[in-house]
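Enquirer: Structural data only, the sequence is not supplied:
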């Protein structure tokens, strides 16, 4: 049986390692298309654009994206594609592209998900795809019984492209701020300064919380725009002070631990594997380890915990403990060594701490549980999409993903679990 499991795990590892190309997929006129995720800054929705006189038919106008004024191109009109008949939408689906140092938004029928493939599976374009000029197609690839046409957005919209005319920057800048309310400008400024001071990126993942927090911020600071702005890292951290999940930076309380325990389903495989990216000093990891060791007493348990803070990850395996300040449920897992308290060897053997940047390849096998609270919001948008896709690949069917309590996955293929102070999802089988 172990040999079969080992071969299965090896196959999974080989498959994951071969996935070296990820793409954002979408539909146009009933066909499946995609764009290299490295060219995508984010996905968004918009209800209105600022009209620009004398622009080409496929230029819908300009749009204020949190302070960035960008041109909006309707791909359906540009390629003379029919509009798909559907219920009237309240907003347009946008893919925001980052090209040669500037941003551009394109409208599509519907945005699907992030798909990972092996670049070796991409086939050259063929004239059979006559809806769009072949020179604008990077290639085609089949995945999950769908044939995706990969658009070459550099050929379509790059600086050297002669087939498209976007609205000149000097013109968009002229109309931009006359169309926006002061609150919208301040919100854009908040987003930029959060990224500058705290490396916090406002996207669909956390936009709802940021908007609500901004309303609180205005009540707290007053209407003066100068007071609303974030002038320093201290201001930024004050703004984010309510963002972080319960028991961040410390061992989980018994109450919070019980909430997490209630989400864990019985496992008959005899093996429980977990991943705790962004583990910091190890407080959260040990909270997970003690919980799993009690919940699944007969199982073989393994936790991969990683962080790119070298000092924290180096000290985590031999974390110094103050027994008097530990949660009571940890007492049974603590021993004294040279008058100092440490976790017992059983708990230590469960965890493998590694210095590692999670945006780089993660080669361990599939896991049952991923605890990644609050870390996605501190990645760039493309990295967020890549990590969500990585979580999808790493979890077994029905596996549990726990993210920050003020984060929300903006993609499909997940079943959300409603629970107090916890945002959790199960991978759809």
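Expert: That came through, no problem. As the structure is a computational prediction, the values presented were derived from the model and not from experiment.
Enquirer: Now the terminal residues of stretch 400-409, how far apart.
Expert: Using Cα to Cα, to the nearest Å, the end-to-end distance of stretch 400-409 comes out at 13 Å.
Enquirer: Residue 26 falls within a strand, correct?
Expert: Yes - checked against DSSP: H, G, I helix; E, B strand; the rest coil, residue 26 lies within a strand.
Enquirer: can you count the residues close to it?
Expert: Residues lying near residue 26 (other Cβ atoms under 10 Å) number 23. Heads up, the C-betas are built off the backbone N, CA and C, glycines and all.
Enquirer: Pull the contacting residues for it.
Expert: 32, 33, 34, 35, 93, 95, 108, 109, 110, 111, 112 (Cβ atoms under 8 Å, 6 or more residues apart in numbering).
Enquirer: Give me the nearest residue to residue 38, chain neighbours excluded.
Expert: Using Cβ to Cβ, 6 or more residues apart in numbering and skipping the chain neighbours, the partner closest in space to residue 38 is residue 382 (6.4 Å).
Enquirer: burial measure for the one you found, as a count.
Expert: 20.
Enquirer: Grab the nearest non-local neighbour of residue 340.
Expert: Closest to residue 340 by Cβ to Cβ, 6+ apart is residue 320, at 6.8 Å.
Enquirer: Next, give phi and psi for the one you found.
Expert: Backbone torsions of residue 320, given as degrees, to the nearest 10, read phi -70, psi 140.
Enquirer: ditto for residue 404
Expert: Dihedral angles of residue 404 (phi, psi; degrees, to the nearest 10) stand at phi -60, psi 140.
Enquirer: Give me the below-cutoff pLDDT ranges for the chain.
Expert: Scanning the chain for pLDDT under 70 picks out 1-17, 53-54, 84-90, 101, 127-131, 159-186, 223-226, 268, 411.
Enquirer: what's the helix or strand for the residue nearest in space to the middle of it?
Expert: In the chain, the centroid-proximal residue (Cα atoms, centre = their mean) is residue 384; its distance is 2.7 Å. For residue 384, the host element (DSSP states H and E) is helix 381-394.
Enquirer: Can you spell out which helices and strands pack onto that helix?
Expert: strand 21-28, strand 40-46, strand 110-117, strand 367-372 (3 or more Cβ pairs under 8 Å, 6 or more residues apart in numbering; DSSP states H and E).
Enquirer: got the buried residues for the first one?
Expert: Spelled out, it's strand 21-28. 21, 22, 23, 24, 25, 26, 28 (16 or more other Cβ atoms under 10 Å).
Enquirer: Now the residues you listed in CSV, please, with extra columns for distance to residue 247.
Expert: Below are those laid out as CSV (distance: Cβ to Cβ, whole Å):
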residue, distance to residue 247
21, 38
22, 33
23, 37
24, 34
25, 37
26, 39
28, 45
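Enquirer: The protein - how does it break down into domains?
Expert: According to automatic domain parsing, the chain comprises the domains 22-176, 182-240, 254-427.
Enquirer: Take these and write them to TSV, including distance to residue 246.
Expert: Output for these, formatted as TSV (distance: least, Cβ to Cβ, whole Å):
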stretch	distance to residue 246
domain 22-176	28
domain 182-240	14
domain 254-427	5
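Enquirer: Contacts only, for residue 402.
Expert: 260, 263, 369, 370, 371, 372, 373, 422, 423, 424.
Enquirer: In PyMOL, how would I select just the buried ones from the residues you listed?
Expert: Here is the PyMOL command that selects only those of those that count as buried (16+ other Cβ under 10 Å):
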select buried, resi 260+369+370+371+372+373+422+423+424
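Enquirer: From the contacts of residue 402, pick the one nearest residue 415.
Expert: Nearest to residue 415 out of the contacts of residue 402 is residue 424 (Cβ to Cβ; 9.6 Å).
Enquirer: and that closest one, helix, strand or coil?
Expert: Per three-state DSSP, residue 424 ends up strand.
Enquirer: Which strand or helix spans the closest residue in space to it that isn't next to it in sequence?
Expert: Setting aside the residues directly before and after it, residue 424 is nearest to residue 417 in space (Cβ to Cβ, 6+ apart), at 4.3 Å. Assessed by DSSP H and E, residue 417 sits inside strand 414-419.
Enquirer: just residue 148 next, same as before
Expert: Element membership of residue 148, judged by DSSP H and E, is strand 146-151.
Enquirer: Now do the helix or strand following that strand: distance to the chain's middle.
Expert: Next along the chain after strand 146-151, taking DSSP H and E as the criterion, comes helix 153-157. Helix 153-157 sits 25 Å away from the centroid of its parent chain (Cα atoms, centre = their mean, to the nearest Å).
Enquirer: Buried residues in helix 153-157, which are they?
Expert: Along helix 153-157, these residues count as buried under the neighbour rule (16+ other Cβ under 10 Å): 153, 154, 156, 157.
Enquirer: For these, give me a markdown table that also has distance to residue 290.
Expert: Below are those laid out as a markdown table (distance: Cβ to Cβ, whole Å):
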| residue | distance to residue 290 |
| --- | --- |
| 153 | 49 |
| 154 | 51 |
| 156 | 54 |
| 157 | 53 |
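Enquirer: For residue 283, state which of those residues is nearest.
Expert: Checking these against residue 283 with Cβ to Cβ, the nearest one is residue 153 at 43.2 Å.
Enquirer: thought the closest one was touching residue 97?
Expert: Yes - if you go by Cβ atoms under 8 Å, residue 153 and residue 97 touch, sitting 5.7 Å apart.
Enquirer: overlap in contacts of those two?
Expert: 35, 39.
Enquirer: sorry, back to before: show me which residues of the helix holding residue 384 are buried.
Expert: By neighbour count on 16+ other Cβ under 10 Å, the buried set for helix 381-394 is 381-392, 394.
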